[in-house]
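Chemist: Provided below for reference: sequence and predicted model.
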Amino acid sequence: MPVIPALEAHNTGGRLATRLIEDWYHGILQHADKSEPRVQSCYHLRGTRPAPAGVSDDHDLIEVPSQTHQSVISCLCKHCRYHFAFSWSSSPVTGPDHLQHHFVITDNSDESFGEEKGKQVLGPHRWDKRLVPLVRQTNYRCSSCNFHIRLEVTAPRLDSRWIDMVTDESRAKRNLKRAMHEDPARFRDMAPEKLTKLETGALLTLNMYITNIMSSDPSVPDKITEKKISERNKTFMVQFGPECEELFLYLGFKKRQEVDEAFYISPREPPKEGGKTDLYTERAFFEDVKSEIQSVIDQKATPGHHVKPHSSARHDLETALGCGDVHKLTPGHLTEDEQHYYCLLGASPSSTDATLRWAYEQQTAVDPDHKRYYVEALSNLAYKKGEDLQLFAIAEQESAAVSSKLTQETSEYDKDWAWFGFSREADRSLDKNQILQRYNEYRDWKHPERHLHRLHLAKIGRDLQQQDLVDIAAKDMDEEEANGVLEVSPVSQLDYVANAAMASVINKEKDVAVVAAAMNIVGDKNFHHLGTAPYAEFEKISGQLTALLGGESQDRYFSGSFDLDQGTETKDGDLTLPAGLVNLRNTCYLNSILQYLHTVDVIRDLLQNMDLDTLDASTEKMGEILGGVEEVERKEAWLGHEFARELKTLFQEMEETTSVHVKPRQRLANAALARAGKVGPTAEFKAAESMTTDSKVTDPTATELMITEFTDAESKATEPMEVAPPLPPRNSEEAVTVEHVETASISSSQTLVGEAAPAVARTTGLEKRKGTEKKKEMDKVGPVEDLAKELDKEEVKGTDQQDVDEAMGNILEHLQAAVKLARARRKVGEEGGKEEISDPVDNHFYSDFVIHSQTRGANSWNKRDDRNRLVMVPLHETKGVKEDLYQVIGHGMDVQLNEETKLMTFTAIKKPADILHFLFPRSGQDGKNENPVELNDPLYLDHFMEVEDTEDERFRTKTRLWAINRRLEELRASKDKAVPEPNSEKVLVDEDMERFLGVDLEVDIDGDYELVDVNEGPAKEIQAVTVTPEKLTEFSDWLRVEEASEEEKLTREREALLANGEVEYRLHAVFCHRGSTGYGHYWVWIKDFERGVWRKYNDNTVTLHTEQEFRRDAGCAPEPCWAAYVRAGKTGLVSIPIRKGVDREQVEGKVKQMMAQKGDDTPMGGAGGWEPSLKTFDA
């Protein structure tokens, strides 16, 4: 959700009474402060305990009547069983000038408690872990009057394990069974209903015991009224027994031995005079225990045993806080932005206009340092409110604008001053000791944000030209802070962390001194990676950053004229490597695609041969050229032309540059992801529609070009399909919108599922209302002229997060549209040349498939043709399963049976593409699928090819592979089965029993295990045989050996069938993603067939690697999400372009040098002729 960073971290405002009560129910005790885990939600406090069906994450507070009186409301959440006690010292006062109490937290009063803290605050005499298990105490005061209220949260009095034990009916059944065996006479005459009650009524019995404790007559001596429970009591021994002794002693029962029998003596807590109980007393303890028991009984919903319902606490809380009669509106649907603005103002979404204005006035009164944020929140909400509130918001906007006039040059540091609650304009004259005092206070107050305090202090030091402030910000940093500065996560790759750090310094988002210090710490902690390529890259960039801190570079950095983009890269660059591409923002996935396409000769040739001159952005002109086609086709044609022109320009820059990397134009990124609209389903959609035979997939149309603004949304995850022939639809035909982020950091390209980051430029609600038409232009642009304006937007930076397959689909469609336009231009004489322009995408990227379907039992297969540019290969759903590419292709193309419809389907390749793409969808319902895949090289697709005759030997081989794969899957599943526990059944087929137990099936019958012979056929009878546990264990071991032997045999047969063939492919490129489904980074490995090496393209960094390094670094992690293969014999379709001015001999010399240094003596081979030393590798 988009938030305002400074306000998120520093808001010291408050909340109106109505909002405060809502937040209490949500479990939010603090206000707009997430620097500490302040949320005490019901969901979090329940822990692992499940909630009843339909229960939300909010508390459901019910009163404990005996503890609730004039100035105290004692409550219990009936789901998490935590207790909430509200107490106040004076009556609330509200009136015309005091619409609602506006509560702020009193200084240093919001505290967590443990035993030591409790003794210190409450005193050793009052502190009792049993009576007062205090978790948190928070004091609130009204900013407009003297009304105070305190909230104390205490833990459940009964531990969850005791609740689980008492409600465990299986335990009671075991106790009853044992008791009936030991003394059958005592239970012989008990009715079945009574026995059932014994097994299920433990909680009711415990509730009765607690009730008896509190109903003692105080006027009668203890000896006369002593209540005791015998351990041999039938109800007690069945429902509780020895295992509950700890519980009863905790409750205050005393255990006493009398002659040959033990008793539990019940405590006595008679009612207090007046009927009211003080909090945290012994009697209050038993009342709390009883309320917890009754809440569990109520949730269990035992027929006929519902407890008397307690009253909800909300009404009394509203009365206590003086807002019970407040007029409330019924809020409609709120966006996440709107919910956040209400939160910032401390107001309920049900607030009237007057109440909302009151909330704003109170917030700005108690927290004037952040008035501009409250103004923005009010403005965004006011545009849906009445005219009076809108006029008030406009006036506040104008007032805020006048009071905070800052020049363009000073805005860079404004947020750093605001971080500490300063104003840059007003507080520049502060003594540095005053700044440091605030800095140290914030480090103590907001401990988890220490790394952010460092970054902001360093920027203030730069602004003031005070080096000592910068030095303090960078020194004495610990590992946690360093990880925060560099945004290191458990999945971060060192080389990417380093490049992101450099980018943040280049863009002046982070201070070089703090970043360099963090790099040194993280580098030392990862010294065990010494010798790896990522560590080498990390150390290189770390050295460059450190160099900036001394001499001329330091001075140039302070002056703002030092160009890191040029000053650090060309100095040590290797121009025999291809040029890298700068990450504009979230463009690592796009950079990977562009680098890949740069190595595809037919794409480069297409761009070279087409006349990609400047074409007027005219809808009318496009209609003349294309012959009056629909508007959307005109736009797609012009968009394709512009993308191809931008791509051609980029390729030329990459080949001519003398820098290590080049920066793609923003216009190229805009064009790559723009969609001019679809009048019908795409090829991918039509293919996916054919994949599912029992459900119809509808086309999510995208009627207009969409280049997204920076609004809040999430990317959509790729959902695995039930039956997966070759080609899935792209995730969505709609553009995915995300927030703008200012750094190409570790959050770059959150492409499996994105999470938005804060926006740089935001639009207030009033501005949105005034400019509605402008927003509509973004959602639905007009003809070609408007499309051109969208491509040329200067304020756009980088791109939204996208999936590789979605972006690749867009780009290939653009290239095909460019070909279509070029052909049309030649026909009308607008472009020179007479030869036909071929479509390399259609000619080399698309395959023809046949989808077969047959109802089980039918005599023939139904067929339909399909054409697509990729093969989706679903990964195994079980975590940790490693498979090769043949197996995962089989998941999508082998025969599948729909158990409901009895429809069988399989897919075959009729004509494979020269360049074949495989997509590994790694987003699932449980997050990212991290199963590794062996990418076979060479890859033989003979057994996936179409065979017309089902009697053909090739078809029989295909079905044999289906059977082998299915049996291997069954054997894999069998490994996960647990050995049977005592008293469990084990089902054996007859031949297994005979081989293991003997032909006559005669064994001793004194064991506890029953073996049952089961056969699906009707002829055999089911025979039960009893064996000892030892025999069953022996059988289990034997079965494991048999299955392992069978698995080894089938695996060898499968490998032999797949060992060679005529339809051979070679691995060319592997797109990798590291991170989670909500976050991560893309890069690509590309094979140089001519020289037998791999290159890794990681944004602006390109590195050279041996085959062995590729296997090691890319082959052992669950990173590949897309693989590109080239038909053997046609590897000449791809090559690594060499920069102009660089000789081939230089490139090959560098390759030989690298191989010699790394001890790789693999000879370089010709195009398509080099053979890897191993046929498969892990990916």
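Modeler: All right, it came through fine. Treat the numbers as computed from the prediction; the structure is a model and nothing was measured.

Chemist: the longest strand in this protein is where?
Modeler: In the chain, ranked by residue count with DSSP state E as the criterion, the top strand is strand 1064-1076.

Chemist: show the subsequent helix or strand relative to that one.
Modeler: Moving toward the C-terminus from strand 1064-1076, the next helix or strand (DSSP states H and E) is strand 1079-1088.

Chemist: what mean pLDDT does that next one have?
Modeler: Strand 1079-1088 shows a mean pLDDT of 83.

Chemist: contacts only, for Gln1146.
Modeler: Counting by Cβ atoms under 8 Å, 6 or more residues apart in numbering, Gln1146 touches Thr576. (Each C-beta comes from the backbone N, C-alpha and C, glycine too.)

Chemist: low-confidence ranges in the stretch 551-700 of the chain?
Modeler: Across the stretch 551-700 of the chain, residues meeting the criterion (pLDDT under 70) sit at 551-573, 628, 677-700.

Chemist: and the strands in it?
Modeler: Applying DSSP state E, counting those that start in this stretch to the stretch 551-700 of the chain gives strands spanning 580-581, 661-662.

Chemist: for the first one, which strands pair with it and how are they oriented?
Modeler: Pairing partners of strand 580-581, with direction, according to DSSP bridges: strand 661-662 (parallel).

Chemist: quick one: distance of the partner strand to the chain centre.
Modeler: From the chain centre to the centre of strand 661-662 is a distance of 32 Å (Cα atoms, centre = their mean, to the nearest Å).

Chemist: next one: stretch 196-209
Modeler: Taking mean C-alpha positions (Cα atoms, centre = their mean), stretch 196-209 and its chain are 44 Å apart.

Chemist: can you check stretch 953-973 too?
Modeler: 36 Å.

Chemist: next, the buried residues of it.
Modeler: Buried residues in stretch 953-973, defined by neighbour count with 16 or more other Cβ atoms under 10 Å: Phe955, Lys958, Leu961, Trp962, Ile964, Asn965, Leu968, Glu969.

Chemist: how about stretch 171-189?
Modeler: Arg171, Ala172, Asn175, Leu176, Ala179, Met180, Phe187.

Chemist: among those, which lie within helices?
Modeler: In helices, defined here by DSSP state H, the members of those are Arg171, Ala172, Asn175, Leu176, Ala179, Met180, Phe187.

Chemist: show me the helices in the stretch 501-650 of the chain, by range?
Modeler: In the stretch 501-650 of the chain, the helices defined using DSSP state H, counting those that start in this stretch lie at 512-525, 533-547, 551-559, 564-567, 588-598, 601-609, 619-626, 631-656.

Chemist: got the CA positions of stretch 511-522 in CSV?
Modeler: The C-alpha coordinates for stretch 511-522 follow below in CSV (Å, rounded to 0.1, in the frame of the first residue of the first chain):
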residue,chain,number,x,y,z
ASP,A,511,25.3,8.5,0.9
VAL,A,512,28.5,6.9,-0.4
ALA,A,513,30.2,6.9,3.0
VAL,A,514,27.4,4.9,4.7
VAL,A,515,27.0,2.6,1.7
ALA,A,516,30.8,1.9,1.5
ALA,A,517,30.9,1.2,5.2
ALA,A,518,28.0,-1.2,4.9
MET,A,519,29.7,-2.9,1.9
ASN,A,520,32.8,-3.6,3.9
ILE,A,521,30.8,-5.2,6.7
VAL,A,522,28.7,-7.4,4.4
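
Chemist: and the direction of the longest strand of the chain versus that of helix 588-598, what angle?
Modeler: 160 degrees (axes from the mean of the first three to the mean of the last three Cα atoms, to 10 degrees).

Chemist: go through the protein and flag its longest helix.
Modeler: helix 1029-1057.

Chemist: rewinding a little: right, so the strands of the stretch 551-700 of the chain: which one is the most enclosed?
Modeler: strand 580-581 (a mean of 25; mean count of other Cβ atoms under 10 Å).

Chemist: does Val784 touch Glu633 like I think?
Modeler: No: if you go by Cβ atoms under 8 Å, Val784 and Glu633 don't touch, sitting 10.9 Å apart.

Chemist: more neighbours, those two?
Modeler: Neighbour comparison, Val784 and Glu633: the larger count goes to Val784, with 26 against 19 (by other Cβ atoms under 10 Å).

Chemist: can I take it that Ala973 is in a helix?
Modeler: Yes: judged by DSSP: H, G, I helix; E, B strand; the rest coil, Ala973 forms part of a helix.

Chemist: how many residues are close by Pro448?
Modeler: Using other Cβ under 10 Å, Pro448 is surrounded by 12 other residues.

Chemist: in the stretch 351-500 of the chain, where is pLDDT below threshold?
Modeler: For the stretch 351-500 of the chain, applying pLDDT under 70 flags the ranges 402-411, 490-491.

Chemist: least trustworthy helix or strand in this protein by mean pLDDT?
Modeler: Using mean pLDDT, DSSP states H and E, the weakest-scoring helix or strand in the chain turns out to be strand 1009-1013, at a mean of 31.

Chemist: hmm, back to that, dump the helices of the stretch 501-650 of the chain to CSV, plus distance to Asp884.
Modeler: Output for the helices of the stretch 501-650 of the chain, formatted as CSV (distance: least, Cβ to Cβ, whole Å):
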stretch, distance to Asp884
helix 512-525, 36
helix 533-547, 26
helix 551-559, 50
helix 564-567, 43
helix 588-598, 23
helix 601-609, 29
helix 619-626, 47
helix 631-656, 35
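
Chemist: just the ones you listed: most buried one?
Modeler: The most buried one of these (mean count of other Cβ under 10 Å) is helix 588-598, showing a mean of 25.

Chemist: hmm, back to that, nearest to Arg443, of the buried residues of stretch 171-189?
Modeler: Arg171 (51.6 Å; Cβ to Cβ).

Chemist: apart from its neighbours in sequence, what residue is nearest the closest one?
Modeler: Using Cβ to Cβ, 6 or more residues apart in numbering and skipping the chain neighbours, the partner closest in space to Arg171 is Met165 (6.8 Å).

Chemist: likewise for Leu249?
Modeler: Distances taken as Cβ to Cβ, 6+ apart place Lys255 nearest to Leu249, at 6.9 Å, with adjacent residues excluded.

Chemist: ok, now which ones touch the one you found?
Modeler: Taking Cβ under 8 Å, 6+ apart as the test, what Lys255 contacts is Glu245, Phe248, Leu249, Ala262, Phe263, Tyr264, Ile265.

Chemist: does it sit in a helix, a strand or a coil?
Modeler: Relying on three-state DSSP, one would call Lys255 strand.

Chemist: tell me how many other residues crowd Ser89.
Modeler: Residues lying near Ser89 (other Cβ under 10 Å) number 10.

Chemist: tell me what the longest helix of the chain is packed against?
Modeler: The contact analysis (3 or more Cβ pairs under 8 Å, 6 or more residues apart in numbering; DSSP states H and E) places helix 1029-1057 against helix 953-975, strand 985-988, helix 990-997, strand 1009-1013.

Chemist: try it again at 6 Å.
Modeler: If you count contacts as 3 or more Cβ pairs under 6 Å, 6 or more residues apart in numbering; DSSP states H and E, helix 1029-1057 packs onto helix 953-975.

Chemist: please compute how far the helix it packs on lies from its chain's middle.
Modeler: Per Cα atoms, centre = their mean, the centroid offset for helix 953-975 relative to its chain is 35 Å.

Chemist: contacts for that helix?
Modeler: For helix 953-975, contacts defined as Cβ atoms under 6 Å, 6 or more residues apart in numbering pick out Gly890, Asp894, Val895, His943, Val947, Glu1043, Glu1047, Leu1050, Arg1054, Leu1057.

Chemist: list the contacts of the third one.
Modeler: If you count contacts by Cβ under 6 Å, 6+ apart, Val895 has them with Met904, Phe906, Trp962.

Chemist: now, which of the residues you listed sits nearest Tyr360?
Modeler: Checking the contacts of Val895 against Tyr360 by Cβ to Cβ gives Phe906 as the nearest, at 64.7 Å.
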